[in-house]
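1. What follows is a predicted structure for the sequence shown.
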Amino acid sequence: MIRFHYHYAPLNQPRLRIRRGDWLCHVFSDLPDLDAAERELLAWGRRFGPPNLRLQRRGDRRQHYDLWGAWLAICGPAAPREAVRAWLRPGT
(Lines give C-alpha, C1' and ligand atoms only; values in the text may rest on other atoms or scores of the structure.)
Protein backbone atom coordinates (compact mmCIF):
# COMPACT_ATOMS: atom_id res chain seq x y z
CA MET A 1 0.00 0.00 0.00
CA ILE A 2 1.26 3.49 -0.80
CA ARG A 3 1.79 5.57 2.34
CA PHE A 4 2.65 9.20 3.07
CA HIS A 5 5.07 10.46 5.70
CA TYR A 6 4.95 14.22 6.24
CA HIS A 7 7.84 16.06 7.84
CA TYR A 8 9.60 19.41 7.91
CA ALA A 9 12.70 20.15 5.84
CA PRO A 10 15.67 20.14 8.23
CA LEU A 11 17.85 22.27 5.92
CA ASN A 12 17.60 24.76 3.10
CA GLN A 13 17.84 23.22 -0.36
CA PRO A 14 18.17 26.32 -2.58
CA ARG A 15 18.51 24.33 -5.82
CA LEU A 16 15.08 22.79 -5.15
CA ARG A 17 13.60 25.99 -3.66
CA ILE A 18 13.04 24.22 -0.34
CA ARG A 19 13.53 26.23 2.82
CA ARG A 20 14.21 24.88 6.27
CA GLY A 21 10.82 24.24 7.90
CA ASP A 22 8.88 23.67 4.65
CA TRP A 23 6.52 20.70 4.59
CA LEU A 24 7.82 17.67 2.68
CA CYS A 25 6.34 14.25 2.07
CA HIS A 26 7.97 10.86 1.66
CA VAL A 27 5.79 8.66 -0.55
CA PHE A 28 6.61 5.04 0.28
CA SER A 29 5.27 1.52 -0.07
CA ASP A 30 4.71 -0.70 2.95
CA LEU A 31 4.96 -3.92 0.94
CA PRO A 32 7.58 -6.23 2.50
CA ASP A 33 8.86 -7.49 -0.88
CA LEU A 34 11.27 -4.85 -2.24
CA ASP A 35 10.60 -5.64 -5.90
CA ALA A 36 6.84 -5.46 -5.38
CA ALA A 37 7.26 -2.22 -3.41
CA GLU A 38 9.34 -0.73 -6.21
CA ARG A 39 6.75 -1.70 -8.83
CA GLU A 40 3.99 -0.19 -6.69
CA LEU A 41 5.92 3.07 -6.26
CA LEU A 42 6.80 3.31 -9.96
CA ALA A 43 3.14 2.76 -10.91
CA TRP A 44 2.04 5.44 -8.43
CA GLY A 45 4.66 7.84 -9.76
CA ARG A 46 3.58 7.31 -13.37
CA ARG A 47 -0.06 7.87 -12.47
CA PHE A 48 0.17 10.79 -10.05
CA GLY A 49 3.69 12.18 -9.97
CA PRO A 50 5.27 15.16 -11.64
CA PRO A 51 7.38 14.65 -14.76
CA ASN A 52 10.89 13.33 -14.05
CA LEU A 53 9.95 12.12 -10.56
CA ARG A 54 13.00 10.31 -9.16
CA LEU A 55 12.72 7.28 -6.89
CA GLN A 56 15.09 7.79 -3.96
CA ARG A 57 17.06 4.82 -2.54
CA ARG A 58 15.71 2.54 -5.28
CA GLY A 59 15.87 -1.15 -4.36
CA ASP A 60 16.41 -0.32 -0.67
CA ARG A 61 13.85 -0.94 2.08
CA ARG A 62 13.52 2.85 2.43
CA GLN A 63 12.91 3.57 -1.26
CA HIS A 64 10.57 6.54 -1.64
CA TYR A 65 9.62 9.67 -3.55
CA ASP A 66 10.17 13.14 -2.11
CA LEU A 67 7.42 15.66 -2.79
CA TRP A 68 7.01 19.27 -1.68
CA GLY A 69 5.34 22.53 -2.58
CA ALA A 70 2.28 22.32 -4.81
CA TRP A 71 2.87 18.56 -5.28
CA LEU A 72 1.79 17.93 -1.68
CA ALA A 73 -1.78 18.22 -2.99
CA ILE A 74 -1.49 14.77 -4.64
CA CYS A 75 -0.43 13.12 -1.37
CA GLY A 76 -2.92 11.31 0.81
CA PRO A 77 -3.47 11.17 4.56
CA ALA A 78 -0.48 10.64 6.82
CA ALA A 79 0.50 7.04 7.44
CA PRO A 80 -0.06 5.68 10.94
CA ARG A 81 2.98 5.99 13.19
CA GLU A 82 3.40 2.20 13.24
CA ALA A 83 3.65 2.07 9.42
CA VAL A 84 6.25 4.85 9.35
CA ARG A 85 8.24 3.18 12.11
CA ALA A 86 8.19 -0.17 10.27
CA TRP A 87 9.38 1.57 7.08
CA LEU A 88 12.15 3.52 8.81
CA ARG A 89 13.28 0.68 11.08
CA PRO A 90 12.15 -2.71 9.77
CA GLY A 91 12.19 -5.48 12.32
CA THR A 92 11.49 -3.25 15.32
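-> Cool, got the structure. Numbering: from 1, shown residues only.
2. what does stretch 50-58 rub up against?
-> 38, 41-42, 45, 63-67, 71 (CB atoms under 8 Å, 6 or more residues apart in numbering). Just so you know, the C-beta spots here come from the backbone N, C-alpha and C atoms, and that holds for glycine as well.
3. ok, now stretch 85-92?
-> 3, 5, 28, 30, 61-62, 79.
4. Report the spatially nearest residue to Ala36, omitting neighbours in sequence.
-> Ser29 (7.8 Å; CB to CB, 6 or more residues apart in numbering).
5. Can you list the low-confidence ranges for this structure?
-> For the chain, applying pLDDT under 70 flags the ranges 91-92.
6. for it, what spans make up the helices?
-> In the chain, helices defined by DSSP state H lie at 34-48, 81-88, listed in chain order.
7. ok, and for the longest one, which residues are buried?
-> Judged by neighbour count (16 or more other CB atoms under 10 Å), helix 34-48 contains these buried residues: 37-38, 40-42, 44-45, 48.
8. which one of these is nearest Ala83?
-> Of all the buried residues of helix 34-48, Ala83 sits closest to Ala37, with 12.7 Å by CB to CB.
9. Contacts only, for that closest one.
-> Taking CB under 8 Å, 6+ apart, one finds 28-31, 63 in contact with Ala37.
10. May I see the helices of the chain organised as TSV, with distance to Asp22 added?
-> Formatted as TSV, these follow (distance: least, CB to CB, whole Å):
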stretch	distance to Asp22
helix 34-48	20
helix 81-88	19
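11. Which of those sits closest to Ile18?
-> Closest of these to Ile18 is helix 34-48, at 19.2 Å (criterion: CB to CB).
12. could you show me where the strands are in this protein, in order?
-> Along the chain, the stretches classed as strands by DSSP state E are 2-8, 23-29, 64-68.
13. what lines up beside the first one in the sheet?
-> Right, strand 2-8. Partners of strand 2-8 in the sheet, by DSSP bridges, are strand 23-29 (antiparallel).
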